[in-house]
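> here is a sequence together with a model predicted from it:
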Amino acid sequence: MVTRRALARQASSDGKRWGVIIMMAIMVFLMVASLASVMLYAPDNYALTTYGELEFEIQESTGFYLTEFNGRPLRFNYLPLNTLAVPTDLEAINLVRTAPIFIITFDPTLDEEQLQFVDFMRYEMANVFSNIGGAVTKNSSVYPLPILGCENSSSAMPVVEIRVAASPAIRKEGDCVLLEGNLTSLVLVKDAFLYHELGIILPEDLVLLNSPYEETEIETVNEDVEVVLDAEED
């Protein structure tokens, strides 16, 4: 004989079972709704990671923007649009682009933190260009490189000097090209230089060329750039 207590126990068990079923149904609904919203707004997200016909994919593990240009895999810290505010002298770009070889030089007596960013810039550029050489502006026991500065630059072998400065810029001084910026903007200048030299950014794209640079206008997914020279790409 089924007692009242047994019936109550069964009713309680059935209630819990239905509660679990209802919760699972709600979770499934939320997952489907979330997926639908992602698909619905995918075009807008896609537009934020493209520049012209070039598509960029964010590498979540490092924050790099990955793309392929003329069959070459490339990575950047910033999208092209974010670099347009960097004042850029097109004569400086053309000087390097038309040279059979160019030299990257820097001051080896900069402090340790500054040198980390300079080394990162040199490393990234060496991965892109095959016609690149290295030098320092002063004698160094840490960097066993030739001593070359702007005074050694020529149109046949331009010198590109990385300088720590208050404001970012890519400019030409005689036959020398200067990549200038502080610890916040040096990596931005590196990307601007690469985009221009590779022809990803064209002269007609420089609508902000004469606009003053403001750090607050620059947006990036990786605000804190981790300088890792031997990082492997996924």
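Perfect, thanks for sending it. Numbers count the residues shown, from 1 in each chain.
> where does pLDDT dip in the chain?
Applying pLDDT under 70 to the chain flags residues 1-48, 207-234.
> which residue ranges of it form strands?
Here the chain has its strands, by DSSP state E, at 50-51, 54-55, 57-58, 65-69, 72-76, 102-106, 132-134, 159-164, 169-173, 176-181.
> next, format those as a markdown table and append mean neighbour count and distance to residue 89.
No exception for glycine: its C-beta is placed from N, CA and C like everyone else's. Below are those laid out as a markdown table (neighbours: other CB atoms under 10 Å; distance: least, CB to CB, whole Å):
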| stretch | mean neighbour count | distance to residue 89 |
| --- | --- | --- |
| strand 50-51 | 16 | 22 |
| strand 54-55 | 14 | 24 |
| strand 57-58 | 14 | 30 |
| strand 65-69 | 17 | 23 |
| strand 72-76 | 16 | 21 |
| strand 102-106 | 24 | 15 |
| strand 132-134 | 16 | 20 |
| strand 159-164 | 22 | 12 |
| strand 169-173 | 18 | 5 |
| strand 176-181 | 23 | 8 |
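> as CSV, those strands with distance to residue 141 would be great.
Output for the strands of the chain, formatted as CSV (distance: least, CB to CB, whole Å):
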stretch, distance to residue 141
strand 50-51, 42
strand 54-55, 42
strand 57-58, 40
strand 65-69, 36
strand 72-76, 32
strand 102-106, 15
strand 132-134, 16
strand 159-164, 20
strand 169-173, 28
strand 176-181, 25
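> figure out which of those is closest to residue 195.
Closest of the strands of the chain to residue 195 is strand 72-76, at 7.6 Å (criterion: CB to CB).
> can you list the residues that contact the closest one?
Defining contact as CB atoms under 8 Å, 6 or more residues apart in numbering, one finds that strand 72-76 is touched by 56, 59, 64-68, 124, 128, 191, 194-195, 198, 233.
> from those, which land in helices?
124, 128, 191, 194-195, 198 (DSSP state H).
> residue 66 against residue 55, yeah?
No - contact criterion CB atoms under 8 Å: residue 66 and residue 55 do not qualify, at 9.4 Å.
> so which of the strands of the chain gets nearest residue 90?
Closest to residue 90 of the strands of the chain is strand 169-173 (CB to CB; 9.0 Å).
> let me know the angle separating the closest one from strand 176-181.
Strand 169-173 runs at 160 degrees relative to strand 176-181, counting by axes from the mean of the first three to the mean of the last three CA atoms, to 10 degrees.
> so what does strand 169-173 touch, helix or strand wise?
If you count contacts as 3 or more CB pairs under 8 Å, 6 or more residues apart in numbering; DSSP states H and E, strand 169-173 packs onto helix 90-97, strand 176-181, helix 186-198.
> any chance of those in JSON lines, with distance to residue 49 too?
Output for these, formatted as JSON lines (distance: least, CB to CB, whole Å):
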{"stretch": "helix 90-97", "distance to residue 49": "25"}
{"stretch": "strand 176-181", "distance to residue 49": "24"}
{"stretch": "helix 186-198", "distance to residue 49": "15"}
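> kind regards, and thank you for your time.
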